[in-house]
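In: Give me the fold of what follows.
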Amino acid sequence: MKVRRLVGVLGVLAVAAVSACGGSGESSGKAVVTVWMYPVIADDQAATAYWGQVEKDFEAANASIDLRIEQQPWANRDQKLATAFSGGKGPDVLLLGPDQIPQFVRSGSLEPIDKVLEADKAKFLPGALDALTVDGKLYAAPIYHTVTTTIYNKQLLAKAGITKPPETWDEIRAAAPKLKQAGVATLDYSASPETSLNLSFYPLLWQAGGSVFASDGKKVAFNEAPGVEALTFLKTLYDAGAIPKSALSNANVVADQALGKQQVAMGFTNTLIDAKTVTASWGAANVIVGVPLENKKRVGFGLPGGLAVNAGSKDIEAAEKFLTFMTQPKQVISLGTAANFLSPRTDAPVPANDEQAKKFEEALQYAYSGEVNPAARQVMALLAVEIQAVLTGKKTPQQALDAAAKQSDDLLSRQR
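Out: Purely as a prediction, here's the structure:
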């Protein structure tokens with residue numbers, strides 16, 4: 001089994017130095033294509049088996065290529081990639097999300113891959129392709145699509161006398177006192193600075209009709225009225241005990257946190273894997289999968305995962321062959337099935353094997369992948385700290401958003 005699991009920066013860079021960026025195999029004469037893959041399949045053993053089979057199947061169809069898939073952790077992935085790219089190393093192929101791509105395009109690290117999907121472009125979700133496109137060029141080939149939506153604990157709602165799960169902000173506000181009387185919190189939230197705001201604050205911002213960046217991308221817009229409304233909504237719920245205090249340290253974890261331990265009645269940015277996790281502890285009858293929340297808009301977070309090609313690869317053609325292989329219907333369906341994700345192809349849906357999966361598939365129509373900007377990750381880090389300051393009572397929502405906006409605008413001005 002060639003699939004490798006690498007841990008730590010030194011291990012990553014050491015392997016990158018000797019095996020990344022393609023080239024001929026040391027003794028076989030084959031082109032070597034190195035892939036950095038991340039835990040899209042949550043179970044380690046299942047992931048190793050899956051990617052090991054992908055290596056075998058790809059090499060059987062491409063005898064002149066030695067494919068090496070190296071499994072990487074999610075933690076610190078941006079820093080590790082930036083370090084590898086800046087050193088002229090890195091993999092030939094890597095998995096990226098939409099908000100990562102602009103920064104690596106700006107640094108010249110990625111190769112446009114439009115020709116890979118040229119024949120099948122019309123068979124992919126337009127939103128998936130748009131999310132992976134920068135300045136009119138496609139930089140990653142979508143191999144799966146995520147979606148998040150709301151899940152509810154039916155037993156806790158019933159305990160509070162709530163028969164209709166809250167789907168709007170107003171309904172959440174109305175449910176909160178009843179749930180507090182029943183001894184539980186209302187809304188799960190992850191306020192740890194380590195958490196992506198795509199899975200915490202940004203969906204609320206979008207539901208309020210706001211955006212992270214101004215339309216020209218040169219300034220942020222989250223400190224305008226919709227952002228204040230969204231952060232005030234959070235603060236009010238937190239102060240009332242409707243958001244658990246553990247939110248301050250929760251990094252989007254369900255198991256062994258408030259939602260998983262039945263201390264809070266609902267979560268609003270949950271994946272199908274989360275639903276499966278709570279089903280195991282709550283019982284299937286107590287899990288309700290709903291639609292994304294609505295305020296001025298009904299919108300949830302979901303994005304495509306795409307395979308990108310390192311512009312420094314010594315064999316871009318061989319790397320592109322792997323992208324072609326992974327975007328075919330057979331592989332898209334098998335990966336979606338293994339990872340509990342949806343398909344980015346309209347002609348190759350991942351079969352929904354139960355009612356929960358069908359509900360998540362229905363939520364895809366509300367999925368928004370976020371706003372593409374080279375500084376997206378840095379802005380997220382600046383804003384996350386200020387949101388914590390609001391929840392802990394150190395700043396008002398407007399003060400915190402203005403502070404984050406000033407820092408973010410300064411950052412954006414330096415990157416023009």
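
In: Check the protein and tell me which residue is nearest its centre.
Out: Residue closest to the mean C-alpha point of the chain, counted by Cα atoms, centre = their mean, is residue 303 at 6.3 Å.

In: The nearest residue to that one once chain neighbours are set aside and residue 253: what is the separation?
Out: Excluding its sequence neighbours, the residue lying closest to residue 303 (Cβ to Cβ, 6 or more residues apart in numbering) is residue 369, at 3.8 Å. For the C-beta atoms, the positions are set from N, CA and C on the backbone; glycine is no exception. Look at residue 369 and residue 253: by Cβ to Cβ, to the nearest Å, they are 22 Å apart.

In: Tell me where the stretch 151-300 of the chain has helices.
Out: For the stretch 151-300 of the chain, helices defined by DSSP state H, counting those that start in this stretch occupy the ranges 154-159, 169-181, 201-207, 225-239, 272-282.

In: So which residues of the stretch 101-250 of the chain form strands?
Out: Assigned by DSSP state E, counting those that start in this stretch, the strands in the stretch 101-250 of the chain fall at 110-111, 133-134, 137-138, 141-145, 149-153, 185-187.

In: Need these in CSV (columns: distance to residue 394 and mean pLDDT).
Out: Formatted as CSV, the strands of the stretch 101-250 of the chain follow (distance: least, Cβ to Cβ, whole Å; pLDDT from 0 to 100):
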stretch, distance to residue 394, mean pLDDT
strand 110-111, 40, 96
strand 133-134, 37, 94
strand 137-138, 43, 98
strand 141-145, 38, 97
strand 149-153, 30, 98
strand 185-187, 22, 98
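
In: For residue 347, find the nearest of those.
Out: Ranking the strands of the stretch 101-250 of the chain by proximity to residue 347 (Cβ to Cβ) places strand 141-145 first, at 13.3 Å.

In: Show residues contacting stretch 328-339.
Out: Residues from elsewhere that reach stretch 328-339 (Cβ atoms under 8 Å, 6 or more residues apart in numbering): 40-42, 46, 50, 54, 143-144, 325-326, 341-345, 347-351.

In: One more: stretch 165-185?
Out: For stretch 165-185, the external contacting residues (Cβ under 8 Å, 6+ apart) are 150, 152, 156-157, 159-162, 164, 186-187, 207, 233, 236-237, 240-244, 258, 262-266, 288, 290-291, 293-295.

In: From those, list just the buried residues.
Out: Buried subset of these (neighbour count, 16 or more other Cβ atoms under 10 Å): 150, 152, 156-157, 159-160, 162, 186-187, 207, 233, 237, 242-244, 258, 263-266, 288, 290-291, 293-295.

In: Could you dump the strands of the stretch 101-250 of the chain into TSV with distance to residue 71 added?
Out: Formatted as TSV, those follow (distance: least, Cβ to Cβ, whole Å):
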stretch	distance to residue 71
strand 110-111	21
strand 133-134	27
strand 137-138	25
strand 141-145	15
strand 149-153	28
strand 185-187	34
